[in-house]
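Chemist: just to be clear, the model below is a prediction. Sequence and coordinates:
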There are 2 protein chains.
Amino acid sequence: MPARRFPPLDLTGGRVELGHGAGGRAMTQLVREIFVAVFDSDALARGDDNARVPVPPGRLVMTTDGYVITPRRFPGGDIGALAVHGTINDVAMSGAQPLYLSAGFIVEEGLPLAELAWVAGTMAGAAREAGVAIVTGDTKVVERGGCDGLFITTTGVGVLTDDRLDIAGDRARPGDAVVLSGTVGDHGVAVLSQRENLAFESPVLSDSAALNGLVAAMVAAVPELRAMRDPTRGGLAATLNELADQSGVGMVIEEAAVPVTPAVRGACELLGLDPLTVANEGKLVAICPPGRADDLVAAMRAHPLGREAARIGTVIEDADRLVQLETALGGRRVVDWLAGEQLPRIC
Amino acid sequence: MPARRFPPLDLTGGRVELGHGAGGRAMTQLVREIFVAVFDSDALARGDDNARVPVPPGRLVMTTDGYVITPRRFPGGDIGALAVHGTINDVAMSGAQPLYLSAGFIVEEGLPLAELAWVAGTMAGAAREAGVAIVTGDTKVVERGGCDGLFITTTGVGVLTDDRLDIAGDRARPGDAVVLSGTVGDHGVAVLSQRENLAFESPVLSDSAALNGLVAAMVAAVPELRAMRDPTRGGLAATLNELADQSGVGMVIEEAAVPVTPAVRGACELLGLDPLTVANEGKLVAICPPGRADDLVAAMRAHPLGREAARIGTVIEDADRLVQLETALGGRRVVDWLAGEQLPRIC
């Protein structure tokens, strides 16, 4: 262990300074006392600019996501846990087991060191719970006003060890079943209620969660899965439209089959939002051959994060690649994806 | 190929809007017309949130870096090429062949689409030249004032296929040779001259370059290499101090052996900077057993990016882990790493 040459950081009253991003002694200290202290990674603790880690043979899966959410703490989560969950989920949507994360921090000069340490702690906790290691990172500090507090970019890698799996957005086929893992709209409503200081009768919590355990159960039960995606920005509506567009198909979704909690439904009515277009951070959509839908839903319901899983619709042939919603009254309307912005900085 | 439903982006007069980061149709269009159009990656073009790519068996190497440099264009480079070079280099410093990059963009509302397209183009060019593929990415848009124009976080992965290699910052041993690949201070002086609108007699260009080719030649010639690192933020002084600290050793560096161009030396005198503390983006320091130094320097000089490679010093036993500089007059002074910030946002 290298000798400490400095008094420890003041994690109570101290603030991030430009020097903490300058590549010198102050940066080394910040990295050791805030990140290495909690991330519990031998690769990171070794102090190199890269991590060398073992991987099983297989196809590598790689994904990256930036997190700029405001506010940074919200009911049911925070930017740190979200940055871990969201990127784990994007790896898991391939069917792979997520293994390692990197974390890049862009920090505004003046951010309390206590907040940075707290975010590092929630990241470490979320990663540990999901069985994924944060193995390398980077910190840049920009001057006051150069960014809004704290942005985190996490990159995840995993390995597809099962050669049978070929899960991708362009593989949906007419006749396939569309399955959803649970309620929609929770994350977006939770963040918005915090942002706008709205008080609802029952507080709405973000659904932010790592889905790799659920996915492992799903691919074990139904390796024939065609597509999976987590409906984050743009909500379920955007995700279904993306999948339809990639696969060159249409979809018919039964409105009554899409679970929305009464609290989220009420908040959306108040705010003029459609729950189908509101972001989620712990849900997934899966598409599978029709004969395997019952097995898939059963496997999902046996997992704590899939208890409300349900088949919500069917893939159809449609040259226009439209997603249609069958309403409770039997009518159909087209579910468009948003052209513009509904909720900026929701993740 | 999915059908285009929108008129193409206006890459001449258009600007980035919040909707381009909203996960809807506008974002899909931005990704396709600006990033997929130039990054030339099947994985990216497929439209999933993750990339599945083949890797040879071996140890995985992973690294990440944020780029917040200002100005975004500078003599000899720009933020896009830098974000590719810098992350390739951090992978290469392990001795691994860098294979894939991810790119996360955080963009301020109002950035000209032309600038984003131009940056994507320089990234694509830098990656192609280095033989590395950009396979996945993410775009977030923050409101005006939420960030300063454009930040890029790139993550690189590579594979160490040669089991003999064990190159890390904690492996320097007393007696080892310290080798430098070329002149120092060029990148920092180039950026600063652009930033401060300084005109020097001979313009100083950034040394921004991908070092993976140079490293491949080095590890082929001298697999016994102990440590490698690129002296970016904090310059050569910070890098040597980091390596001494990690390995628990001291170093003696001959001042006369460290190449600095007359233009960089003059600019540093004018600006009151020490070239040893100024950032580089296309140089590396290597440490090897003393008996292999001549072979290493010869292999480096045979590569275009190592033509001025030289042995600059020796690792010594020192419980205080000091880096000492032997001056031309025969005296010695301690080369400290900076405690604070000299040049904010130099990378």
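Modeler: Received the coordinates, thanks. Predicted model only: the values in this text are computed from it and were never measured. Numbers count the residues shown, from 1 in each chain, chains lettered A, B, ... in the order given.
Chemist: and the closest residue to A:Pro54 other than its chain neighbours, backbone torsions?
Modeler: For A:Pro54, ignoring the flanking residues on the chain, the nearest one in space by CB to CB, 6 or more residues apart in numbering or on different chains is B:Arg59 at 6.1 Å. C-beta here means a position set from N, CA and C on the backbone, and glycine is covered the same way. When quoted as degrees, to the nearest 10, the phi and psi of B:Arg59 stand at phi -80, psi 130.
Chemist: list the contacts for B:Arg59?
Modeler: Residues in contact with B:Arg59 (CB atoms under 8 Å, 6 or more residues apart in numbering or on different chains) are A:52-55, B:96, B:159-160.
Chemist: show me which of the residues you listed is closest to B:Ala309.
Modeler: Proximity to B:Ala309 was ranked across these by CB to CB; first place goes to B:Ala96, at 20.6 Å.
Chemist: circling back: what about the residue nearest to A:Pro54, distance to A:Val38?
Modeler: B:Arg59 sits 25 Å away from A:Val38, going by CB to CB, to the nearest Å.
Chemist: re the thing from before, mark which of the contacts of B:Arg59 are buried, thanks.
Modeler: Buried subset of these (neighbour count, 16 or more other CB atoms under 10 Å in any protein chain shown): A:52-53, A:55, B:96, B:159-160.
Chemist: quick one: which of the residues you listed is nearest to B:Ala279?
Modeler: B:Ala96 (23.2 Å).
Chemist: may I have the phi/psi pair for the closest residue to that closest one other than its chain neighbours?
Modeler: Spatial nearest neighbour of B:Ala96, chain neighbours left out: B:Gly158 (3.7 Å); criterion: CB to CB, 6+ apart. Main-chain dihedrals, B:Gly158, degrees, to the nearest 10: phi -150, psi 180.
Chemist: so how many other residues sit close to B:Gly158?
Modeler: The tally of other residues near B:Gly158 (other CB atoms under 10 Å in any protein chain shown) stands at 28.
Chemist: in chain A, which spans are helices?
Modeler: In chain A, the helices defined using DSSP state H lie at A:25-30, A:37-39, A:42-45, A:79-92, A:113-130, A:186-195, A:212-221, A:235-247, A:262-271, A:293-301.
Chemist: and among the ones you listed, the most buried is which?
Modeler: Among the helices of chain A, helix A:79-92 has the highest mean neighbour count (mean count of other CB atoms under 10 Å in any protein chain shown), at a mean of 28.
Chemist: any idea how far the residue nearest to A:Leu205 when sequence neighbours are not counted is from A:Ala172?
Modeler: If the residues on either side of it in the chain are set aside, A:Leu205 comes closest to A:Gly76, at 3.2 Å by CB to CB, 6+ apart. Distance of A:Gly76 to A:Ala172, given as CB to CB: 31 Å.
Chemist: one more: A:Glu224?
Modeler: 13 Å.
Chemist: quick one: buried residues of stretch A:278-290?
Modeler: For stretch A:278-290, by 16+ other CB under 10 Å, it's A:278-288.
Chemist: so A:Gly76 and A:Ala172 - more neighbours on which side?
Modeler: Shown here are A:Gly76 and A:Ala172; by other CB under 10 Å, A:Ala172 has more neighbours (24 against 21).
Chemist: give the contact list for that one.
Modeler: Counting by CB under 8 Å, 6+ apart, A:Ala172 makes contact with A:226-227, A:243-244, A:246-247, A:249, A:251, A:287, A:315.
Chemist: kindly report the same for A:Met218.
Modeler: Contacts of A:Met218 (CB under 8 Å, 6+ apart): A:225, A:228, A:286, A:296, A:299-300, A:306.
Chemist: mind running it again at 6 Å?
Modeler: By CB atoms under 6 Å, 6 or more residues apart in numbering or on different chains, the residues touching A:Met218 are A:Ala299.
Chemist: likewise for A:Val323?
Modeler: Counted by CB under 6 Å, 6+ apart, A:Val323 has contacts A:240-241, A:244, A:251, A:335.
Chemist: how about 10 Å then?
Modeler: Applying CB atoms under 10 Å, 6 or more residues apart in numbering or on different chains to A:Val323 gives the contacts A:178, A:236-245, A:249-253, A:276, A:313, A:316, A:333-337.
Chemist: look up how far A:Val36 lies from A:Gly13.
Modeler: For A:Gly13 relative to A:Val36 (CB to CB), the value is 22 Å.
Chemist: on that earlier part again, which residues does the residue nearest to A:Pro54 bridge with?
Modeler: The partner list for B:Arg59 in beta bridges (DSSP bridges) reads B:Leu160.
Chemist: swap in the one 5 residues further on?
Modeler: Under DSSP bridges, the beta-bridge partners of B:Thr64 are B:Thr155.
Chemist: that one contacts A:Val157, doesn't it?
Modeler: No: counting by CB atoms under 10 Å, A:Val157 is not a contact partner of B:Thr64; they are 11.0 Å apart.
Chemist: the closest residue to chain B within the stretch 101-250 of chain A and B:Asp48, how far apart?
Modeler: As assessed by CB to the nearest CB, chain B sits closest to A:Arg233 within the stretch 101-250 of chain A, at 2.6 Å. Distance, A:Arg233 to B:Asp48, using CB to CB: 15 Å.
Chemist: over to A:Asp176?
Modeler: Distance, A:Asp176 to B:Asp48, using CB to CB: 17 Å.
Chemist: ok so, going back, who's in contact with the residue nearest to B:Ala96?
Modeler: Residues in contact with B:Gly158 (CB under 10 Å, 6+ apart) are A:50, A:52, B:55, B:58-63, B:88, B:90-92, B:94-101, B:132, B:212.
Chemist: who touches both of B:Thr64 and A:Val157?
Modeler: A:64, A:101-102, A:135, B:102, B:155, B:157.
Chemist: looking at these, which are in strands?
Modeler: Taking DSSP state E as the definition of strands, those contribute A:64, A:101-102, A:135, B:102, B:155, B:157.
Chemist: with distance to B:Gly23, pLDDT and neighbour count added, can I get the residues you listed in a markdown table?
Modeler: Below are these laid out as a markdown table (distance: CB to CB, whole Å; pLDDT from 0 to 100; neighbours: other CB atoms under 10 Å in any protein chain shown):
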| residue | distance to B:Gly23 | pLDDT | neighbour count |
| --- | --- | --- | --- |
| A:Thr64 | 15 | 98 | 29 |
| A:Leu101 | 21 | 98 | 30 |
| A:Ser102 | 23 | 98 | 28 |
| A:Val135 | 28 | 97 | 26 |
| B:Ser102 | 18 | 98 | 28 |
| B:Thr155 | 21 | 98 | 31 |
| B:Val157 | 25 | 98 | 29 |
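Chemist: ok, so of those, who is nearest B:Phe200?
Modeler: For those, the nearest to B:Phe200 is B:Thr155 (35.3 Å; CB to CB).
Chemist: thinking the closest one is in contact with B:Thr63, fair?
Modeler: Yes: using CB under 10 Å, B:Thr155 is in contact with B:Thr63, at 6.9 Å.
Chemist: anything in contact with each of those two?
Modeler: Residues touching both B:Thr155 and B:Thr63 by CB under 10 Å, 6+ apart: A:102, A:136, A:138, A:155, B:87, B:90-91.
Chemist: for the spatially most central residue of chain A, which non-adjacent residue is closest in space?
Modeler: Centre of chain A computed as the mean C-alpha position; nearest residue by CA atoms, centre = their mean is A:Gly86, 2.0 Å away. Distance criterion CB to CB, 6+ apart; nearest residue to A:Gly86, sequence neighbours excluded, is A:Asp65 at 5.3 Å.
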